[in-house]
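Q: Any chance you can model this:
(2 chains)
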Amino acid sequence: MIRVGIPHGLFYYYYYPWWKTFFNHLGAEVVCSNPTTRLTVDQGVGTAVDEICFPLKVYFGHVLELKRYALDWIFIPRMVSVEHRSYICPKFMGLPDMIRASIPDLPPIIDITVDVSQSDRILKRDLLQLGKLFTPRESKIREAIKRAREEQKFCDTLAGQGYTREEAIQLWEGKATHSFQTSILNLGVLGHGYSLYDSVINMNLINRLRNMGCRLWFPESLDEDEVERAATAIPKRVFWTLGRKMVGSAIYLSKQPEIDGIIYLACFGCGPDSLIGEIIERQIGDKPYMLLTVDEHSGETGMITRLEAFCDMLLRRKNHIYEDNLSTHGQYADCHKGTI
Amino acid sequence: MKITFPHMGNMQIAIKALFKELKIETIPPPPVSQRTLELGVKYSPEFACLPLKVNVGNFIEALELGADTIIMAGGWGPCRFGYYAQIERDILNDLGFTFDMVILEAPESRITDLLNQLRLIGEKVSLWQMGKAVNFAWHKLKAVDYWEKCYERYLGPALDKQAVNDLYSRGLQQIDEADCKREVTRRLQKLETEIEQIPRHNKPVLNIGLVGEVYTILEPGTNYNIIRQLGELNVIISRSIYMSDWVNDHLLKGKLIKSNHQHIINCAEPYLNHWVGGHGQETIGYAVDFARQKYDGLIQIGPLTCMPEIVAQSILGKVSTEQGIPCMTMYFDEHSGSAGINTRLEAFIDMLNRKQCQQLMSEGGF
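A: Take a look at the predicted model:
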């Protein structure tokens, strides 16, 4: 059986069901690297150039792990654009070339170019060509594409129910996952999926917040049309797909009264994040907002302190239970005087 | 209306010429200084790349001098540059400045779109005048490029570096002050004969290619004047990009002159097979091209966290090994220090000199 390796990073979080179904249906076995560990990070950091962003370093680590397995192919797509007139990020456009230049002796790379910014004609042609590596029958390839699309849709609906993309993929593969507890705070949590849903990159942010009694809202948990509509509030359409979703989600969430605050997880050195964080901050008015920047040097303790402080502040603001003279976010010390 | 624009090397000479012909007053920002950088860093997003910060600094200083209209280029990703103008407008608005911002978006198809955008700014300008103005500005741009090339060629071998530096700045001023095409050409010829006559030393001279992000290459204020520093270390520099190339390829979509762009893109294969925004692919293409022309070394420069250049940097190592050309990458941001940069450059040049010596010795049969 032909074995295809898929690194557990970057667009794995968005399109793994698609890719896995496609290759499985063509009769190939899919080998995915294990979830990120400290070792993955260390290996990636040692291989990639220093200036690259954290999720890409982690991705290098995953590719290094796959190199140890006997694989016939390794799947590193060149993600240029997944929708009309938008891009992902320049680094994704050069990803297969960067991997090839930095990691020698890899199995042959499947570096199909995904670019639908103008039309999806070329992608369809390339997919058929890719399928021919596994089967000569065109009808089977078309069937595989159709199945892949259905499975992807199913997984997307799972992700819409308040799960992270990683959990949705676990559920999709039939594994049990986390159940939600009662919540005392509603928080919007935003960021690029490949950093937000990787528990090593985000330093367990999601579980920490849930354990503090927060119900979390991800970009996927929101209605897509509402998000797109909210994203048109700024004068120039954001040309990064993920960036636009973040801006839209943030603006949408900021208008929901039941949302207590928004946390944005950015990676140090991420190009889009450096501007998106700024746009969001200007757009969301006085909704409490915290920008967390992480990289391989971030300390967990610092992060926990900030999360606790943020949540405490939101609780105080919500309950007004303490009679003290400390101002909370967006308020000043005397603002409740005379209201009783 | 008093127009201002961001600095990018000596581009202001051409822009001033253009608007003077269109009878519009311009207020160029003061040259990029420590204060420019400080202002920019203070008000820009922390992790934005350096050109944005310098732009913001430029605009603040120009608005302080009384400018009321800002001209800025736009774009459509995936590099951050396409979103600069939006962020800059918000920042300046929040600071309480009142101004108009004209964003020149690179036209999708026709060059006339861009000309029309420009025409809207001017008042009562005929198409003929417009054409004449563009023609004159383009001529000046080419003249500046030519003069910069002369400078880069003659600074390395010159005995008295200060004389070349002085002549260079005087030359720029003369081109700036020339008021017709013929005058520009005449002055340029005179300057060239003058720079040729500066005495030269007979020490070995290195040829180094400078590749990387366009703004950092063009604007000496952001690269700590790397060209001058290298020239003073007896190096002849060849840049991968000049202003006219950028204007031609970026703003005019390669319509004005036939460039060697396609050749460079072909050179980038098989190392980088796809366009990555900015000048990432060009960086790799030129690296290969310089290596084939037997240059002694390569320096890649860019602002810290520049996305296309990081892609190029990841691949440059392989190019260096396979094509046999020493490479060094330097990123600049507001924390760079000139002493550190100087040390790195000197070390790199020393290494190349030693390599050259060894080669000469082995060829000489020692």
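Q: Need the three-state assignment for residue B:124.
A: Here residue B:124 is coil, with the state taken from DSSP: H, G, I helix; E, B strand; the rest coil.
Q: distance of it from chain A?
A: Distance of residue B:124 to chain A, computed by C-beta to the nearest C-beta, to the nearest Å: 29 Å. In short, each C-beta sits where N, CA and C put it, glycine included.
Q: Model confidence for that residue, exactly?
A: With respect to pLDDT, residue B:124 scores 70.
Q: Tell me how far the residue nearest to residue B:97 when sequence neighbours are not counted lies from residue B:99.
A: Here the nearest residue to residue B:97 in space, its sequence neighbours aside, is residue B:63; by C-beta to C-beta, 6 or more residues apart in numbering or on different chains that works out to 4.9 Å. In this view, residue B:63 and residue B:99 are 6 Å apart by C-beta to C-beta, to the nearest Å.
Q: More neighbours: which of those two?
A: Ranked by neighbour count (other C-beta atoms under 10 Å in any protein chain shown), residue B:63 and residue B:99 place residue B:63 first, with 20 against 16.
Q: Surely the more buried one touches residue B:96?
A: No. Checked against C-beta atoms under 8 Å, the pair residue B:63 and residue B:96 is beyond contact range at 10.1 Å.
Q: For the stretch 151-300 of chain B, what lies in contact range of chain A?
A: Neighbours of chain A within the stretch 151-300 of chain B, by C-beta under 8 Å from any C-beta of the partner chain: B:271, B:272, B:273, B:274, B:275, B:276, B:277, B:278, B:280.
Q: Restricting to C-alpha, output the helix or strand containing residue B:193 in CSV.
A: In this assignment (DSSP states H and E), residue B:193 forms part of helix B:181-196. In CSV, the C-alpha atoms belonging to helix B:181-196 read as follows (Å, rounded to 0.1, in the frame of the first residue of the first chain):
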residue,chain,number,x,y,z
LYS,B,181,15.4,67.0,-19.8
ARG,B,182,18.4,68.2,-21.8
GLU,B,183,19.8,69.9,-18.7
VAL,B,184,19.5,66.7,-16.7
THR,B,185,21.4,64.8,-19.4
ARG,B,186,24.1,67.4,-19.7
ARG,B,187,24.7,67.6,-15.9
LEU,B,188,24.7,63.8,-15.7
GLN,B,189,27.4,63.6,-18.4
LYS,B,190,29.5,66.2,-16.6
LEU,B,191,29.1,64.4,-13.3
GLU,B,192,30.2,61.1,-14.8
THR,B,193,33.4,62.5,-16.2
GLU,B,194,34.1,64.1,-12.8
ILE,B,195,33.6,60.9,-10.9
GLU,B,196,35.8,59.0,-13.3
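Q: Check which helices and strands the helix or strand just after that helix is in contact with.
A: Next helix or strand after helix B:181-196 toward the C-terminus (DSSP H and E): strand B:206-212. For strand B:206-212, the packing partners by 3 or more C-beta pairs under 8 Å, 6 or more residues apart in numbering or on different chains; DSSP states H and E come out as helix B:226-232, strand B:235-239, helix B:280-292, strand B:297-303, helix B:307-323, helix B:338-363.
Q: Can you give me the end-to-end span of stretch B:173-190?
A: 14 Å (C-alpha to C-alpha, to the nearest Å).
Q: quick one: contacts of it?
A: B:13, B:16, B:135, B:136, B:139, B:140, B:143, B:144, B:146, B:147, B:171, B:191 (C-beta atoms under 8 Å, 6 or more residues apart in numbering or on different chains).
Q: what about residue B:327, distance to chain A?
A: Distance from residue B:327 to chain A, by C-beta to the nearest C-beta: 12 Å.
Q: residues touching the residue nearest to residue B:97, list them.
A: Residue B:63 makes contact with B:4, B:70, B:92, B:97, B:99, according to C-beta under 8 Å, 6+ apart.
Q: Of those residues, which is the nearest to residue B:42?
A: residue B:92 (12.9 Å; C-beta to C-beta).
Q: How about the residue at minimal distance from the centre of chain B: what's its closest non-neighbour residue?
A: For chain B, the residue nearest the mean C-alpha position is residue B:218 (1.6 Å; C-alpha atoms, centre = their mean). Closest residue to residue B:218 apart from its sequence neighbours, by C-beta to C-beta, 6+ apart: residue B:9 at 3.6 Å.
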